[in-house]
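Visitor: return a 3D structure for these sequence lines:
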Amino acid sequence: MTISQWGLGDCTLHEPSCKMQEVLQSVRPGIRSMNILVIDDDASLRRTIRMSLEVLGHRAVEARNGDQALDLLGHRPFEMALLDLRLAQEEGLDLLPRLLGTVPGLHVVIVTAYATIETAVEAMRRGAFDYLPKPFTPDQLRVVLDRIARMRQLESHVEELEEQVRWVVPEVDLQSAEPCTRQALDVAFRTAASEATILLRGESGTGKGVLARAIHARSLRAERPLVTIHCPSLSAELLESEMFGHVQGAFTGAVRDTLGKVAAAEGGTLFLDEIGDLPLALQPKLLRLLQEKCYERVGDTQTRTSNVRVLAATNRNLESEIAAGRFREDLFYRLNVIEVTLPPLRQRGDDILPLAEHLLRFFARQNGKAISGFSEPARTALMHYPWPGNIRELRNAVERGVILTSRPVVGLSDLPSQIGSSNRAADAAADNQTLEQVEAEHIRHTLAVTATIEEAATRLGIDPSTLYRKRKRYGL
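Guide: As a prediction, this is how the structure comes out:
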């Protein structure tokens, strides 16, 4: 490619003026400099592109073939690559996945004099960010560079937001020592990569929303949005507008077209939280979305198609709701392709302390406190409390304890009063228990707070074989 093909006329690259100077001035304010790899078998063209990129404020390095490019990517940081479609000994499209495999976040722009729609589509399918046909001008190159700079800025902003969220919301702990919980998680994760609709059931606070996010993260739609609709939050009319969108003038206050959350979740996952509270009038429209993948916005006659995967959650007994005429049976069967039931925390005795300690580490770090754990009375209280609010209540209790404690451990007095009261009630009830009942409860608690049978036996002062017989006797 000659200088004139770049649209520079008589301008030189060593002393930028004329059109190149105008281009330089237009991109200089707020420029985000990038490291760019130029891959082309034409030495003079490589030099022309490199110098132009440097004039535009970027750092550029040349590579004459794929091997040299891969070597450079392995030893130096690059944010972008300009890749010629046809190199001397290889095809750029064949090299493209190798570049992305070496640097997954690399923005690759294909450059070629053999521009066709087919090659452009194939390049994008294989992971190229953009496509430049030869000859191109500095203005055209600048547009691509600006798009990549904006994309990188957005990616950086997303990373910052995710980091902020990690400081506000505890990391998800989906480990469990309880067989019933492990089985539920296994079903959820084995079906995550499918397109099946999953119905998550369980009491309020058991972690259905957390599990929905984990399923989405493990699905083939993980790079697309996860959009949540809280079914009990609005009236039927407003909920329909939120779900499907509306057109201007559809109702009082509809001053503009609104896409709706189904459209916002396109290509991703739509999570219907507390689906048991979905108004009966909306249920046929949701059924149609599930069956036919189509819907209409409120006030519109145009039928739209949707590509979303649906997850739903409920704390209601939907079979009872069907019998009472408040939930459609056909919708239930459409939603209940895969059913996952999360047990309440009171049935997850072996998980209570590990979950509490996980939350304690998070809140201690968030509040800048050096807290090593819970006092023994606090641990006992946590184990005996029935947790009607489940994991959500546990989270609040631990956060309160971390904030209030002035010691290196969270004590019983730092926890909500009802937790200590429950423990005292349990102690009072124990006064009326038989010796065998007291022994069984003591063994159960010891097993819950120790990591191995040997450690539990040592704490109890008995042999592991004796402990095994007692566990079998008491059904522990």
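
Visitor: tell me the SS of residue 311?
Guide: Using DSSP: H, G, I helix; E, B strand; the rest coil, the structure places residue 311 in strand.

Visitor: residues contacting it?
Guide: 197-198, 200, 212, 215-216, 269-272 (CB atoms under 8 Å, 6 or more residues apart in numbering). The way it works is simple: take the backbone N, C-alpha and C, and place the C-beta from them, glycine included.

Visitor: try 10 Å
Guide: 188, 192, 196-200, 208-209, 211-213, 215-216, 219, 226, 228, 269-273, 275, 335, 338, 340 (CB atoms under 10 Å, 6 or more residues apart in numbering).

Visitor: what pLDDT is listed against residue 474?
Guide: Looking at residue 474, its pLDDT stands at 79.

Visitor: ignore the last one, residue 17
Guide: In this prediction, residue 17 has a pLDDT value of 36.

Visitor: before we move on, back to that, buried subset of the contacts of residue 311?
Guide: The neighbour-count test (16 or more other CB atoms under 10 Å) applied to those identifies 188, 192, 197-200, 208-209, 211-213, 215-216, 219, 226, 228, 269-273, 275, 335, 338, 340 as buried.

Visitor: in helices only, show me these.
Guide: Under the assignment DSSP state H, those contribute 188, 208-209, 211-213, 215-216, 335 to helices.

Visitor: ok, of those, which one's closest to residue 131?
Guide: Closest approach to residue 131 among these (CB to CB): residue 216, at 30.7 Å.

Visitor: settle this for me: the closest one is touching residue 200, isn't it.
Guide: No. With contact defined as CB atoms under 10 Å, residue 216 and residue 200 do not form a contacting pair (12.0 Å).

Visitor: intersection of neighbour lists for those two?
Guide: 271, 311.

Visitor: partner strands of the host helix or strand of residue 82, parallel or antiparallel?
Guide: Assigned by DSSP states H and E, residue 82 belongs to strand 80-84. Here strand 80-84 has these sheet partners by DSSP bridges: strand 35-39 (parallel), strand 107-112 (parallel).

Visitor: now mean pLDDT, mean neighbour count and distance to residue 260 too, for these, in a markdown table please.
Guide: Output for those, formatted as a markdown table (pLDDT from 0 to 100; neighbours: other CB atoms under 10 Å; distance: least, CB to CB, whole Å):
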| stretch | mean pLDDT | mean neighbour count | distance to residue 260 |
| --- | --- | --- | --- |
| strand 35-39 | 93 | 22 | 40 |
| strand 107-112 | 88 | 23 | 32 |
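
Visitor: so can I have CSV of these showing distance to residue 123?
Guide: Shown next, in CSV, are the strands paired with strand 80-84 (distance: least, CB to CB, whole Å):
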stretch, distance to residue 123
strand 35-39, 14
strand 107-112, 4
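
Visitor: which members of the ones in helices among the buried ones among the contacts of residue 311 define the maximum pairwise distance?
Guide: 213 and 335 (18.4 Å).

Visitor: poorly predicted segments of the stretch 1-150 of the chain, please.
Guide: Counting by pLDDT under 70, the stretch 1-150 of the chain contains low-confidence residues at 1-32, 115.

Visitor: where do the helices sit along it?
Guide: Taking DSSP state H, counting those that start in this stretch to define them, one finds helices in the stretch 1-150 of the chain at 18-27, 43-55, 66-75, 92-102, 117-125, 138-168.

Visitor: just put the ones you listed in a markdown table and tack on mean neighbour count.
Guide: Shown next, in a markdown table, are the helices of the stretch 1-150 of the chain (neighbours: other CB atoms under 10 Å):
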| stretch | mean neighbour count |
| --- | --- |
| helix 18-27 | 16 |
| helix 43-55 | 18 |
| helix 66-75 | 16 |
| helix 92-102 | 17 |
| helix 117-125 | 13 |
| helix 138-168 | 13 |
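
Visitor: adding distance to residue 321, write these out as CSV.
Guide: Output for the helices of the stretch 1-150 of the chain, formatted as CSV (distance: least, CB to CB, whole Å):
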stretch, distance to residue 321
helix 18-27, 60
helix 43-55, 63
helix 66-75, 57
helix 92-102, 49
helix 117-125, 45
helix 138-168, 34
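
Visitor: confidence score at residue 363?
Guide: 92.

Visitor: that one sits in which helix or strand?
Guide: Judged by DSSP H and E, residue 363 forms part of helix 349-366.

Visitor: domains of this protein?
Guide: The chain is divided into the following domains under automatic domain parsing: 4-160, 179-343, 347-474.

Visitor: centre of the chain to the shortest one, how far?
Guide: Per CA atoms, centre = their mean, to the nearest Å, the displacement of domain 347-474 from the mean C-alpha position of its chain is 31 Å.

Visitor: ends of it, how far apart?
Guide: From its first residue to its last, domain 347-474 covers 17 Å (CA to CA, to the nearest Å).

Visitor: same deal with stretch 196-212?
Guide: Stretch 196-212 end-to-end distance (CA to CA) = 13 Å.

Visitor: and for stretch 241-258?
Guide: End-to-end for stretch 241-258, by CA to CA: 8 Å.

Visitor: equivalent analysis for stretch 87-97, please.
Guide: 15 Å.

Visitor: give me the residues contacting it.
Guide: Contacts of stretch 87-97 (CB under 10 Å, 6+ apart): 39-42, 63-67, 69-70, 81, 83-86, 98-99, 106, 108, 110-112, 119, 122-123, 125-128.

Visitor: go again with 7 Å.
Guide: Outside stretch 87-97, the residues within contact range by CB atoms under 7 Å, 6 or more residues apart in numbering are 41, 65-66, 83-86, 108, 110, 122-123, 126-128.

Visitor: just how off-centre is it within its chain?
Guide: On CA atoms, centre = their mean, the centre of stretch 87-97 falls 34 Å from that of its chain.

Visitor: what's near enough to touch residue 249?
Guide: residue 299.

Visitor: leaving out sequence neighbours, find the closest residue to residue 184.
Guide: residue 340 (5.2 Å; CB to CB, 6 or more residues apart in numbering).

Visitor: doesn't residue 185 make contact with that neighbour?
Guide: No. The pair residue 340 and residue 185 does not pass the contact test of CB atoms under 7 Å, sitting 8.1 Å apart.

Visitor: so how far is residue 313 from the residue positioned nearest the centre of the chain?
Guide: In the chain, the centroid-proximal residue (CA atoms, centre = their mean) is residue 217; its distance is 5.0 Å. Per CB to CB, to the nearest Å, residue 217 is found 16 Å from residue 313.

Visitor: equivalent analysis for residue 410, please.
Guide: Distance from residue 410 to residue 313, by CB to CB: 31 Å.

Visitor: and stretch 401-420, average pLDDT?
Guide: Mean predicted confidence for stretch 401-420 is 92.

Visitor: check stretch 462-469 too.
Guide: 80.

Visitor: alpha carbons of it, as PDB, please.
Guide: Only the C-alpha atoms of stretch 462-469 are listed here, as PDB (Å, rounded to 0.1, in the frame of the first residue of the first chain):
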ATOM      1  CA  ILE A 462     -13.900 -42.000  73.400                       C
ATOM      2  CA  ASP A 463     -12.400 -44.300  70.700                       C
ATOM      3  CA  PRO A 464     -13.400 -43.700  67.000                       C
ATOM      4  CA  SER A 465     -14.900 -47.200  67.000                       C
ATOM      5  CA  THR A 466     -17.100 -46.300  70.000                       C
ATOM      6  CA  LEU A 467     -18.100 -43.100  68.300                       C
ATOM      7  CA  TYR A 468     -19.000 -45.100  65.100                       C
ATOM      8  CA  ARG A 469     -21.300 -47.400  67.100                       C
END
